[in-house]
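Participant: sequence-free structure coming up:
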Ligand SMILES: Cc1cc2nc3c(=O)[nH]c(=O)nc-3n(C[C@H](O)[C@H](O)[C@H](O)COP(=O)(O)OP(=O)(O)OC[C@H]3O[C@@H](n4cnc5c(N)ncnc54)[C@H](O)[C@@H]3O)c2cc1C
């Protein structure tokens with residue numbers, strides 16, 4: 001019998017598996033294709049994961065810019081993840097089983113995890129880190145990107161060594177995201193920040209094609225298709241503990257979760273270890289509390305308010321809003337994007353935006 005079984009071998013599941021194994025818990029990770037490489041291009045703020053090793057960084061762009069109606073230099077290091085390096089860093093100490101979890105039953109002393117081929121795994125505690133699947137009835141961030149040689153990307157952006165976090169020029173309902181990948185190529189992505197239902201990928205792809213052909217460029221072979229569910233509800237407490245995107249760890253207004261999931265793996269594993277001797281129900285409760293303390297729930301509510309406000313703004317107002325956001329002191333920007341338990345910082349960012357916004361923007365912040 002394993003102490004912990006985790007469904008899902010994405011960044012969240014692997015981070016948690018490593019953290020549990022390091023604390024001496026016999027850990028099993030289940031994934032339908034555990035050796036399949038992660039295809040998404042993951043970016044994160046360096047200050048969210050200061051322990052990320054160099055081997056897990058594909059590129060640290062020389063500068064990070066944003067463009068609302070005007071340019072802004074962001075004083076935070078943005079990093080592009082090296083997926084193979086991140087996986088390696090999150091590997092070791094746990095067993096990996098190839099299979100898909102199809103059901104779980106909980107008893108007094110543990111859980112029985114059923115795989116779709118009929119195998120059964122006995123576990124003290126079960127975590128679901130199997131991601132969040134888009135269903136069409138939720139707020140979603142969607143994007144369509146292509147990878148271009150750096151010299152081609154220079155026809156669209158001023159520098160191939162700079163991360164363009166968002167560029168609202170020339171788009172009606174979205175922005176351009178430009179990321180050097182560290183191998184002489186650049187990801188150029190047409191992004192819809194948030195919409196319910198998500199803006200269809202074909203619309204974004206057509207928009208990107210128009211942008212590329214106006215610059216005399218053809219799309220390359222490598223494409224990136226992004227659908228991120230933004231409003232996964234905070235999970236109810238129970239014997240099954242969700243983790244990662246499945247646990248609502250995606251920031252509702254930005255779509256980011258990788259850094260948060262990796263960072264939370266240690267405190268969640270600590271909570272499980274501390275309460276292990278009191279049985280699986282106590283350990284599950286402790287894991288839930290570590291994942292979603294009341295401060296994180298309160299911040300989540302504020303972030304969701306931000307999401308709804310953003311989605312209520314007409315397209316011409318959104319770049320003006322981001323001009324305001326990116327002129328805030330860096331600490332306030334960080335509080336909103338990364339301060340998961342920082343109630344006062346998040347509230348201060350939102351109230352400062354409200355106070356300084358022209359009426360044209362302010363009326364949409366009232367909600
Ligand atoms: C293209 C793309 C780009 C993104 N870019 C960023 C970014 O730059 N920064 C960021 O922070 N976030 C980004 N996100 C959002 C989010 O962080 C990612 O979706 C991230 O992969 C979520 O990690 P996860 O481990 O929770 O889930 P996933 O990565 O979705 O992993 C879930 C795993 O569970 C497995 N699984 C599914 N069902 C079962 C089952 N029944 N049994 C066992 N295993 C199962 C899946 O095969 C998969 O391996 C992006 C998302 C996409 C789609």
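Facilitator: Okay, I see it. All values derive from a computational prediction rather than experimental measurement. Numbers count the residues shown, from 1 in each chain.
Participant: need the residues of the stretch 201-350 of the chain near the ligand, please.
Facilitator: Residues of the stretch 201-350 of the chain lying near the ligand by C-beta under 6 Å from any ligand atom: 224, 226, 227, 228, 244, 245, 255, 256, 257, 258, 261. No exception for glycine: its C-beta is placed from N, CA and C like everyone else's.
Participant: between these, which is nearest residue 67?
Facilitator: For those, the residue nearest residue 67 by C-beta to C-beta is residue 255; the value is 18.7 Å.
Participant: quick one: which of the residues of the stretch 201-350 of the chain next to the ligand sit in helices?
Facilitator: Mapping these onto helices (DSSP state H) picks out 258, 261.
Participant: out of the residues of the stretch 201-350 of the chain next to the ligand, the closest to the ligand would be?
Facilitator: Of all those, residue 244 has the smallest distance to the ligand: 2.5 Å, by C-beta to the nearest ligand atom.
Participant: shouldn't that closest one be in contact with residue 9?
Facilitator: No - assessed by C-beta atoms under 8 Å, residue 244 is found out of contact with residue 9, at 10.7 Å.
Participant: who has more neighbours, the two?
Facilitator: residue 244 (30 against 25; other C-beta atoms under 10 Å).
Participant: do me a favour and get the end-to-end distance for stretch 75-85?
Facilitator: Terminal residues of stretch 75-85 lie 26 Å apart, using C-alpha to C-alpha, to the nearest Å.
Participant: check which residues of that stretch are buried.
Facilitator: Across stretch 75-85, burial judged by 16 or more other C-beta atoms under 10 Å covers 76, 78, 79, 80, 81, 82, 83, 85.
Participant: can you add distance to the ligand and secondary structure and give these back as JSON lines?
Facilitator: Shown next, in JSON lines, are the buried residues of stretch 75-85 (distance: C-beta to the nearest ligand atom, whole Å; DSSP: H, G, I helix; E, B strand; the rest coil):
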{"residue": "76", "distance to the ligand": "14", "secondary structure": "coil"}
{"residue": "78", "distance to the ligand": "10", "secondary structure": "strand"}
{"residue": "79", "distance to the ligand": "10", "secondary structure": "strand"}
{"residue": "80", "distance to the ligand": "8", "secondary structure": "strand"}
{"residue": "81", "distance to the ligand": "8", "secondary structure": "strand"}
{"residue": "82", "distance to the ligand": "13", "secondary structure": "coil"}
{"residue": "83", "distance to the ligand": "10", "secondary structure": "helix"}
{"residue": "85", "distance to the ligand": "15", "secondary structure": "helix"}
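Participant: can I get those in a markdown table with distance to residue 238 and pLDDT?
Facilitator: Converted to a markdown table, the buried residues of stretch 75-85 look like this (distance: C-beta to C-beta, whole Å; pLDDT from 0 to 100):
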| residue | distance to residue 238 | pLDDT |
| --- | --- | --- |
| 76 | 37 | 97 |
| 78 | 37 | 98 |
| 79 | 35 | 98 |
| 80 | 37 | 98 |
| 81 | 32 | 98 |
| 82 | 36 | 98 |
| 83 | 32 | 98 |
| 85 | 35 | 98 |
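Participant: circling back: by neighbours, which of the residues of the stretch 201-350 of the chain next to the ligand wins?
Facilitator: residue 244 (30 neighbours).
Participant: state the distance from it to residue 28.
Facilitator: Distance of residue 244 to residue 28, given as C-beta to C-beta, to the nearest Å: 17 Å.
Participant: for residue 313, same thing?
Facilitator: Distance, residue 313 to residue 28, using C-beta to C-beta: 46 Å.
Participant: who in the stretch 51-200 of the chain is up against the ligand?
Facilitator: Counting by C-beta under 6 Å from any ligand atom, the stretch 51-200 of the chain sits next to the ligand at 100, 101, 129, 130, 131.
Participant: what's the burial count for the second one?
Facilitator: Residue 101 is surrounded by 21 other residues when neighbours are defined as other C-beta under 10 Å.
Participant: skip the chain neighbours and tell me the closest residue to it.
Facilitator: Leaving out its chain neighbours, the residue that sits closest to residue 101 by C-beta to C-beta, 6 or more residues apart in numbering is residue 7, at 4.1 Å.
Participant: same thing with the last one?
Facilitator: Nearest residue to residue 131, sequence neighbours excluded (C-beta to C-beta, 6+ apart): residue 245, at 4.9 Å.
Participant: who touches that neighbour in this structure?
Facilitator: Contacts for residue 245 (C-beta atoms under 8 Å, 6 or more residues apart in numbering) come out as 10, 12, 131, 132, 228, 229, 232, 257, 261.
Participant: got it, and residue 265?
Facilitator: Per C-beta under 8 Å, 6+ apart, neighbours of residue 265: 12, 15, 16, 18, 19, 243.
Participant: so which of those would you say is closest to residue 211?
Facilitator: Nearest to residue 211 among the contacts of residue 265 is residue 12, at 33.0 Å by C-beta to C-beta.
Participant: so who does that closest one touch?
Facilitator: Residue 12 sits in contact with 129, 243, 244, 245, 246, 247, 249, 257, 258, 261, 262, 265, where contact means C-beta under 8 Å, 6+ apart.
Participant: check what pLDDT the fourth one gets.
Facilitator: Translated: residue 245. At residue 245, the model reports a pLDDT of 98.
Participant: go on, the first one?
Facilitator: The confidence metric pLDDT takes the value 98 at residue 129.
Participant: the residue in the stretch 51-200 of the chain that the ligand sits nearest to: how many residues sit nearby?
Facilitator: Residue nearest to the ligand within the stretch 51-200 of the chain: residue 131 (2.6 Å; C-beta to the nearest ligand atom). Residue 131 has 18 neighbours, counted by other C-beta under 10 Å.
Participant: I'd assumed it was in a helix, is it?
Facilitator: No - read with DSSP: H, G, I helix; E, B strand; the rest coil, residue 131 is coil and lies in no helix.
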